[in-house]
Structures are given as C-alpha cells and as structure tokens.
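K.L.:
show me how the following folds:
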Amino acid sequence: MSNGIRKVKTSDLELKDRLVSIQRVTKVTKGGRTFSFSAIVVVGNEEGIVGYGLGKANEVTTAIAKGVEDAKKNLIKVPVLHGTIPHEQMAKYGGAKVFLKPASEGTGVKAGGAMRAVFESVGIKNVLAKSKGSSNPHNLVKATFTALLELRDAYTVSRQRSIALGKVFNG
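P.N.:
Below you'll find the predicted structure:
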C-alpha cells in the first residue's frame with residue numbers, strides 16, 4: 001500500500017489474544033447509574049503479525065470478544081529481525097510517547113504492561129522500550145503500533161531507494 005500501512009489477511013492465521021486493559025465505565029441516567037465495560041485487546045501470531053481492537057459491552061466477556069473481532073480487522077505486518085526490531089524508533093500518540101531500541105539475544109522484553117503485550121503478540125523476544133508521558137493504555141498501545149509501523153528492514157529500504165542491498169549498510 002502507498003501509505004505505509006501493511007494490511008494482512010486474517011484467513012488461515014492462528015492468532016492469540018492478550019487483554020491489555022479492562023475498564024468499567026458509567027453512564028448516569030435519570031434512573032441511576034448504568035455500568036458497562038470497555039476492553040482493549042491485542043492479537044498476534046507471534047511471527048510478525050499483530051493487531052489491536054477496542055470492545056465495549058455490558059458484560060466483560062462480550063467486551064473482550066468484541067475487542068478480539070475488532071483487532072482481527074486491523075492486522076499489520078511488522079519486520080522482526082532475529083527476535084528483535086531492525087532499528088531504534090520513537091513515536092507519539094496523544095500524550096503517550098514511546099521509544100523502542102533493539103536488544104541483543106538474551107535480553108528479553110524490557111517494557112511496561114501495555115507495550116509488553118504488543119511485543120509478545122508480534123513475536124519480538126528482545127527489545128528495550130521506554131514509555132514517556134501518559135500511561136493511558138489505549139494511547140500507549142496506539143503509540144507502540146505507530147512506532148512498529150514506521151520500522152523498515154534493510155530489504156525495504158533498498159527497494160524504496162532503488163539501490164543494492166549492500167549499499168544500504170555501506171552508505
């Protein structure tokens with residue numbers, strides 16, 4: 001696609017879902033308070049494909065199910081290189097800022113709650129991540145996805161610049 005978003009087909013994919021956050025929300029009416037639930041869910045196949053979704057319903061299980069269905073509609077492909085990301089990346093969404101840095105083998109996922117769920121779903125085993133600003137899980141997940149979408153591997157860079165793969169590293 002021309003806008004940089006790498007959409008993925010959901011057929012024949014085995015996706016695992018992770019619940020990032022569940023919130024009880026209240027609507028005040030003339031008759032009293034009405035409670036419902038809002039859930040943000042991340043799904044992925046742990047091999048470079050990941051998506052997130054938001055579900056709202058009167059019951060927790062229904063909200064999670066709606067979130068999973070929404071996440072399956074918003075899948076993206078992320079370049080994973082030897083269990084980590086190809087390069088450093090910063091991104092911002094709302095008040096949440098994230099910084100991602102590749103890590104050597106054996107480091108593990110050094111990231112907070114909402115970001116950790118995204119990395120585990122995408123299949124990144126070694127990464128250093130820092131969240132700055134807002135700790136709102138919705139904005140943190142969206143900022144992490146923005147950063148992952150901006151990642152490019154060497155093959156993609158060489159194709160976009162129309163140069164040989166070796167020249168990407170040697171300048």
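K.L.:
number of nearby residues for Ala103?
P.N.:
Number of residues near Ala103 (other Cβ atoms under 10 Å) recorded here: 19. Where you see a C-beta, it was placed from the backbone N, CA and C, and this is true even at glycine.
K.L.:
could you list every residue that touches it?
P.N.:
Contacts for Ala103 were tallied using Cβ atoms under 8 Å, 6 or more residues apart in numbering; they are 84, 110, 126-128.
K.L.:
what's the ChimeraX line that selects buried ones from those residues?
P.N.:
Selecting in ChimeraX just the buried members of these, where the criterion is 16 or more other Cβ atoms under 10 Å, is done with this command:
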select :84,126,127,128
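K.L.:
helices - which of the contacts of Ala103 land there?
P.N.:
With helices taken from DSSP state H, there is no overlap with those.
K.L.:
list just the nearest of the contacts of Ala103 to Ala57.
P.N.:
Of all the contacts of Ala103, the one sitting nearest Ala57 is Val127; the distance, using Cβ to Cβ, is 32.7 Å.
K.L.:
and the contacts of Ala103, which two are the farthest apart?
P.N.:
The span of the contacts of Ala103, defined through Cβ to Cβ, is set by Thr84 and Lys110 at 11.3 Å.
K.L.:
identify the contacts common to the two.
P.N.:
With Cβ under 8 Å, 6+ apart as the test, Thr84 and Lys110 both reach 103, 127.
K.L.:
which of the contacts of Ala103 scores worst on pLDDT?
P.N.:
Summarising pLDDT for those: the lowest-scoring member is Thr84, with 88.
K.L.:
I'd like to know how far that one sits from Asn126.
P.N.:
Going from Thr84 to Asn126 by Cβ to Cβ, to the nearest Å gives 5 Å.
K.L.:
for those two, list the residues in contact with both.
P.N.:
By the contact definition Cβ under 8 Å, 6+ apart, Thr84 and Asn126 are jointly contacted by 102-104.
K.L.:
tell me which helix or strand of the chain sits lowest on mean pLDDT?
P.N.:
Every helix and strand of the chain was ranked by mean pLDDT, DSSP states H and E. The lowest is helix 165-170, at a mean of 67.
K.L.:
now the helices for this protein?
P.N.:
Going by DSSP H, the chain shows helices at 60-72, 113-122, 137-149, 154-161, 165-170.
K.L.:
how about these, which one is nearest Thr29?
P.N.:
With Cβ to Cβ as the criterion, Thr29 lies closest to helix 60-72 of these, at 19.7 Å.
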